[in-house]
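Enquirer: Any chance you can model this:
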Amino acid sequence: MRVLTVCVLTVRVLAVCVLRVCPLTACVLRVFALTGRQSSGCWPGCARGWARTENRTATCVRSAVTLTGMPDAAAHASSSASSSSASSTTPPAAVPPVYVVGGGPGGLATAAVLGAYGIRAVVLEKADAVGASWRGHYDRLRLHTTRRLSGLPGLAIPRAYGRWVGRDDVVRYLEQYAEHHHLEVATGVEVRRVDRAADGGWVLHANGGRKPAARTVVIATGYNHTPYLPDWPGRDSYPGELLHAGAYRNARPYQGKDVLVVGTGNTGAEIAADLAAGGAARVRLAVRTAPHIVRRSTAGWPAQATGILVRRLPPRLVDRAAHVMRRLSVPDLAAHGLPMPDTGLYSRVLEGAIPVQDVGLIDAVRSGAVRPVAAVVSFDGGVVRLADGDAIEPEAVIAATGYRRGLDGLVGHLGLLDARGRPRVHGPRTLPSAPGLHFTGYTNPISGMFRELALDARRIARAIATAAPPLAPPEPSTPSARKV
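Expert: Alright, predicted model coming up:
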């Protein structure tokens, strides 16, 4: 045993030396570490923490169950008292849990890692199940990141879901994740406002007049929270079908129709390709700014892995390399209405514009099944006027115009948001004016959303565990069910 310990320490020392000497080596090693499978499903060094999680006495509140009551300190105290009455006549002091607002991948991952630290976390989800935003996406959607690089802490995505995980399998994975880690999820609880408490903590104003309080709160309501539909002049006069991409499911209702898709992000590009393949009579794609287009994978190497390797490099260097790669891997689409962008790929990423991963758009544009047109300027009855002066008359308009973070009503009055409505800090960091209030999932990284959510979850949990002793009371010697 001592020999094994010495070997492990030696390897760690050597690894630290290598990582300090060569940052590029560090990036490569991280990629291999992330892609390598671990039989325990844990990240390095946390096996014992997850073992403790498996033996936690807190009962998992099934994600599909809508709670009629709010998990609070009183319920926690009474259940702890009943479980320990055999060994003590005095119940342990009630300690409020960490409340995690949002039952998506970021919220679930943070709650799971907090549990590994012995900290009780309660996830508050306004829908009736976890992963609500994923349930509402269009049928064709798949993760644009690989299965191996998208797993959340403590549970890998099953191999059976394939390399590019589909929407339904993502939802299934999130359900499995909540169950695997015995997470306490209170569904049907919509937190509408967060205020400072008199004792320096936080009070959450939820539906039904409930006001749970906590010393620490994690906001994880999601990057794509509130659909944004531009207020085009004359929009209300349009007699056809006008909907946001968030309401689109598949191409069946648009077979044989003339459809205009507005927006060339990943969603707009994929919906346009889906419509063309699904039998729409004509598909046009309104382009305001020509996007960067990359292959989802090249010779088996995923674009996400490249994003991980280059994200710490100088933007100008990455821009040049990306320009060369595009010329080698993506055909020139300028003649079809999609010219090469003027701004470099990584410079655009830093401005918040993620490159479009090709899942059929290139072939659809080259074949004429999808025709790029100028940006939408206004509506005039059934006529849509474009920036280049053209006027078209589509039967349906699908606006893939993005989402807003939806944080203004929740925390906007606290002065924590920037001009674009995003948190000024995220992850383990908190503002001096708002200690104990964390945010996760409000960036759109080139390295993959799920991967960054997993990293943020570990950092946030570590910061919370370091700032204060575990919030959960001592576990009883014999496991017993805890009602919430």
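Enquirer: Any stretches of the stretch 51-200 of the chain with poor pLDDT?
Expert: Counting by pLDDT under 70, the low-confidence segments of the stretch 51-200 of the chain come to 51-95.
Enquirer: show me where it has strands.
Expert: Taking DSSP state E, counting those that start in this stretch as the test, the strands found in the stretch 51-200 of the chain are 98-101, 121-125, 184-187, 191-196.
Enquirer: Could you do the stretch 301-450 of the chain as well?
Expert: Using DSSP E, counting those that start in this stretch, strands in the stretch 301-450 of the chain cover 301-302, 356-358, 370-374, 376-380, 383-386, 391-392, 396-399, 403-404, 437-439.
Enquirer: So which of these is nearest Glu270?
Expert: strand 356-358 (8.6 Å; Cβ to Cβ). Where you see a C-beta, it was placed from the backbone N, CA and C, and this is true even at glycine.
Enquirer: Quick one: mean pLDDT for that closest one?
Expert: For strand 356-358, mean pLDDT is 93.
Enquirer: Partner strands of that strand, with direction?
Expert: Take DSSP bridges as the rule and strand 356-358 pairs in its sheet with strand 293-295 (parallel).
Enquirer: Check which element follows the strand it pairs with along the chain.
Expert: Along the chain past strand 293-295, the next helix or strand (assigned with DSSP states H and E) turns out to be strand 297-298.
Enquirer: still on that earlier bit, can you redo the strands of the stretch 51-200 of the chain as JSON lines with distance to Asp236 and mean neighbour count?
Expert: Formatted as JSON lines, the entries for the strands of the stretch 51-200 of the chain read as follows, by distance: least, Cβ to Cβ, whole Å; neighbours: other Cβ atoms under 10 Å:
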{"stretch": "strand 98-101", "distance to Asp236": "34", "mean neighbour count": "27"}
{"stretch": "strand 121-125", "distance to Asp236": "34", "mean neighbour count": "28"}
{"stretch": "strand 184-187", "distance to Asp236": "36", "mean neighbour count": "25"}
{"stretch": "strand 191-196", "distance to Asp236": "29", "mean neighbour count": "16"}
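Enquirer: what's the closest of those to Pro341?
Expert: Between Pro341 and these, the shortest gap by Cβ to Cβ is with strand 98-101, which sits at 36.6 Å.
Enquirer: ok now that closest one, how far from the chain's centre?
Expert: 16 Å (Cα atoms, centre = their mean, to the nearest Å).
Enquirer: just checking, what packs against that strand?
Expert: If you count contacts as 3 or more Cβ pairs under 8 Å, 6 or more residues apart in numbering; DSSP states H and E, strand 98-101 packs onto helix 105-116, strand 121-125, strand 202-206, strand 217-219.
Enquirer: Which one of those lies nearest to His181?
Expert: Taking Cβ to Cβ as the measure, the helices and strands packed on strand 98-101 were each checked against His181, and helix 105-116 came out nearest at 4.2 Å.
Enquirer: still on that earlier bit, can you put the strands of the stretch 301-450 of the chain in CSV and add mean neighbour count?
Expert: As requested, those are arranged in CSV below (neighbours: other Cβ atoms under 10 Å):
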stretch, mean neighbour count
strand 301-302, 16
strand 356-358, 22
strand 370-374, 19
strand 376-380, 18
strand 383-386, 19
strand 391-392, 14
strand 396-399, 23
strand 403-404, 16
strand 437-439, 26
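Enquirer: Using CSV, lay out the ones you listed together with distance to Ala334.
Expert: Listed next are the strands of the stretch 301-450 of the chain as CSV, based on distance: least, Cβ to Cβ, whole Å:
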stretch, distance to Ala334
strand 301-302, 26
strand 356-358, 16
strand 370-374, 10
strand 376-380, 21
strand 383-386, 18
strand 391-392, 21
strand 396-399, 25
strand 403-404, 30
strand 437-439, 40
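Enquirer: on that earlier part again, among the strands of the stretch 51-200 of the chain, which is nearest Arg366?
Expert: Of all the strands of the stretch 51-200 of the chain, strand 121-125 sits nearest to Arg366, with 43.1 Å by Cβ to Cβ.
Enquirer: can you give me how far that closest one is from the chain middle?
Expert: Computed by Cα atoms, centre = their mean, the separation of strand 121-125 from the middle of its chain amounts to 16 Å.
Enquirer: and if you look at stretch 182-193?
Expert: Between the centre of stretch 182-193 and the centre of its host chain there is 17 Å, according to Cα atoms, centre = their mean.
Enquirer: Is it correct that Leu350 is in contact with Pro315?
Expert: Yes: in this structure Leu350 lies within contact range of Pro315 using Cβ atoms under 8 Å: 6.2 Å.
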